[in-house]
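Asks: coords below, sequence missing:
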Ligand SMILES: *Cc1c(COP(=O)(O)O)cnc(C)c1O
């Protein structure tokens, strides 16, 4: 008899973003299998994957084309390095990413997580300014948005704006300037005063995900791009969450016709199959690093599993499926349906505000005593009703796979609404 995974977990694991004391007080849900938009637990119970397995899954689980691409790749090679060697999948994927990315992005640097994609953009931007020299070497700080999230490595945390996650590390972080989300006047004020010391502005375009699904007013991204140009500052767009269709277009930048100097991609890049990330940049930035070896203008950065062949195979198949299934086109009526369904949720007395763009949804339950763990209560109620959702504080997040059926979408919203009512009732009893 193999040991019980729930017991082994309780005995040995430490989970990300998890208070282990609470974790060890509840039996963990063990996911064994999945199919399309459904996760299946060790007792065979099915759940709608309401957060796309943490915002990654795109075309559903066990998609035949992506499964097959991985099987085919494993018969060739599972891993070979990008340091000093290349391979067909990495090269083809780079060309295809450049083809679909906003105009002007022509170079692809791989890594393996969203945090590293952002970290790389920060380091590249900084080194680029240093190597330009003269006035530009004074450009040593960054501007980020309040409530920003760019990952958990120290560089990415430095440009993070979520106090709960980031404040502890303050002594370890580099200096930055924090701008008010969605407020172009505040960005202008900051760049007017310190713009000549700023390397780059980094932001999540259109929607700040982990900050609580904060939706920017239309025109904000465009305005920030223009401000960056005016003050000679580079623009890093972190589309780790918004990329690959999540806001209704392949990339969020497209909606305001913006080309950043750096584009960070991860999460959906392999359809939610493998850890892979990419930092795209322009030919101008790339050329700033060219020189003889002994000039040491090399970008000295690279992770061991960078550009992993299995991950690249999954990413290529992911892009193929976008084409063969016309994913973006077929997503549009689902977005309209979702918006309609959310009108009902927004009208619920327990709900303060619903924020959404595309299939990124935040249902804000307002301020509650943290000890009540409102978001967690909703998660548990949703589980009993057959859906997996994960809150950000008191905001319930829905982020279904783009391939979700209209029927499952309706069920997901219904389960969420019912769970919010039930959670509010149990919270009342607990008080
Ligand atoms: C999730 C996320 C990251 C970090 O990605 P990891 O793969 O978890 O390191 C960075 N930026 C944004 C916008 C994200 O949503």
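Replies: Great, that's in hand. This one's a predicted model, so the numbers in the text were calculated from it and none came from an experiment.
Asks: Only C-alpha atoms from now on, for both contacts and neighbour counts.
Replies: Fine.
Asks: which other residues reach the strand or helix carrying residue 156?
Replies: When elements are assigned from DSSP states H and E, residue 156 belongs to helix 154-158. For helix 154-158, the surrounding residues in contact (Cα atoms under 8 Å, 6 or more residues apart in numbering) are 115-116, 118-119, 122, 149-151, 166, 170, 172-176.
Asks: try it again with 6 Å
Replies: Contacts with helix 154-158, where a contact means Cα atoms under 6 Å, 6 or more residues apart in numbering, come from 119, 150, 173, 174.
Asks: what does stretch 71-82 give?
Replies: By Cα under 6 Å, 6+ apart, the residues outside stretch 71-82 that reach it are 308, 309, 310.
Asks: what's the distance between the nearest residue in space to residue 31 that is not next to it in sequence and the ligand?
Replies: The shortest distance from residue 31 to any non-neighbouring residue, by Cα to Cα, 6 or more residues apart in numbering, is to residue 41 (4.2 Å). Per Cα to the nearest ligand atom, to the nearest Å, residue 41 is found 24 Å from the ligand.
Asks: could we number from 45 for the rest of this?
Replies: Let's use 45 as the start, then, which means that last one is residue 85.
Asks: got the phi/psi numbers for residue 85?
Replies: Reported as degrees, to the nearest 10, the phi and psi values for residue 85 are phi -90, psi 180.
Asks: How about residue 282?
Replies: Dihedral angles (degrees, to the nearest 10) for residue 282: phi -90, psi 100.
Asks: Show me what it bridges to in the sheet.
Replies: On the basis of DSSP bridges, residue 282 is bridged to residue 308.
Asks: what about it, how many residues close to it?
Replies: 29 (other Cα atoms under 10 Å).
Asks: wait, doesn't it sit right on residue 248?
Replies: Yes - the criterion here is Cα atoms under 6 Å, and residue 282 meets it with residue 248 at 4.8 Å.
Asks: Would you mind giving the secondary structure of the closest residue to residue 302 other than its chain neighbours?
Replies: Sequence neighbours aside, residue 266 is the residue nearest to residue 302 in space, at 6.2 Å (criterion: Cα to Cα, 6+ apart). What DSSP: H, G, I helix; E, B strand; the rest coil gives for residue 266 is helix.
Asks: Count residues in the vicinity of residue 266, would you?
Replies: When neighbours are defined as other Cα under 10 Å, residue 266 has 18 of them.
Asks: rewinding a little: pull up the overlap in contacts between residue 282 and residue 248.
Replies: Contacts common to residue 282 and residue 248, judged by Cα under 6 Å, 6+ apart, are absent.
Asks: hmm, back to that, the residue nearest to residue 302 and residue 273, how far apart?
Replies: Remark: distance between residue 266 and residue 273 (Cα to Cα, to the nearest Å) = 11 Å.
Asks: before we move on, back to that, isn't the residue nearest to residue 75 right next to residue 72, touching?
Replies: No - if you go by Cα under 6 Å, residue 85 and residue 72 don't touch, sitting 10.4 Å apart.
Asks: Give me the distance between the helix or strand containing residue 400 and the centre of its chain.
Replies: Following DSSP H and E, the helix or strand that holds residue 400 is strand 397-401. Put simply, strand 397-401 sits 17 Å off its chain's centre (Cα atoms, centre = their mean, to the nearest Å).
Asks: Excluding sequence neighbours, find me the nearest residue to residue 77.
Replies: Computed as Cα to Cα, 6+ apart, the closest residue to residue 77 that is not its neighbour in sequence is residue 84, at 5.1 Å.
Asks: which residues touch residue 220?
Replies: Contacts of residue 220 (Cα under 6 Å, 6+ apart): 185, 186, 187.
Asks: Make sure the second one is indeed in a strand.
Replies: Yes - Residue 186 forms part of a strand when assessed by three-state DSSP.
Asks: pLDDT at the closest residue to the ligand within the chain, what is it?
Replies: Residue nearest to the ligand within the chain (Cα to the nearest ligand atom): residue 158, separated by 3.1 Å. Model confidence at residue 158, given as pLDDT, is 98.
Asks: To what extent is it buried, counted in neighbours?
Replies: For residue 158, the neighbour count with other Cα under 10 Å is 27.
Asks: What of residue 227?
Replies: Using other Cα under 10 Å, residue 227 is surrounded by 16 other residues.
Asks: Excluding sequence neighbours, find me the nearest residue to it.
Replies: The nearest residue in space to residue 227 (Cα to Cα, 6+ apart) is residue 264, at 7.1 Å.
Asks: okay, now the one you found: neighbour count?
Replies: Neighbours of residue 264 under the rule other Cα under 10 Å: 19.
Asks: repeat for residue 77
Replies: Using other Cα under 10 Å, residue 77 is surrounded by 14 other residues.
Asks: Got the domain ranges for this protein?
Replies: Domain ranges of the chain: 49-103+370-474, 110-368, per automatic domain parsing.
Asks: tell me the most buried of those?
Replies: For those, average neighbour numbers computed from mean count of other Cα atoms under 10 Å are highest in domain 110-368, which has a mean of 20.
Asks: measure it end to end?
Replies: Per Cα to Cα, domain 110-368 runs 12 Å from first to last residue.
Asks: what does stretch 401-421 give?
Replies: Termini of stretch 401-421 sit 25 Å apart (Cα to Cα).
Asks: before we move on, back to that, am I right that the residue of the chain closest to the ligand is in contact with residue 310?
Replies: Yes - with contact defined as Cα under 6 Å, residue 158 and residue 310 form a contacting pair (5.0 Å).
Asks: what residues are shared contacts of these two?
Replies: In contact with both residue 158 and residue 310: residue 284, using Cα under 6 Å, 6+ apart.
Asks: Which ones among the contacts of helix 198-202 also lie next to the ligand?
Replies: Restricting these to those near the ligand by Cα under 6 Å from any ligand atom leaves residue 194.
Asks: Let me have the contacts of helix 198-202 in CSV, extended by pLDDT and secondary structure.
Replies: Formatted as CSV, these follow (pLDDT from 0 to 100; DSSP: H, G, I helix; E, B strand; the rest coil):
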residue, pLDDT, secondary structure
163, 98, helix
194, 98, coil
217, 96, coil
218, 95, coil
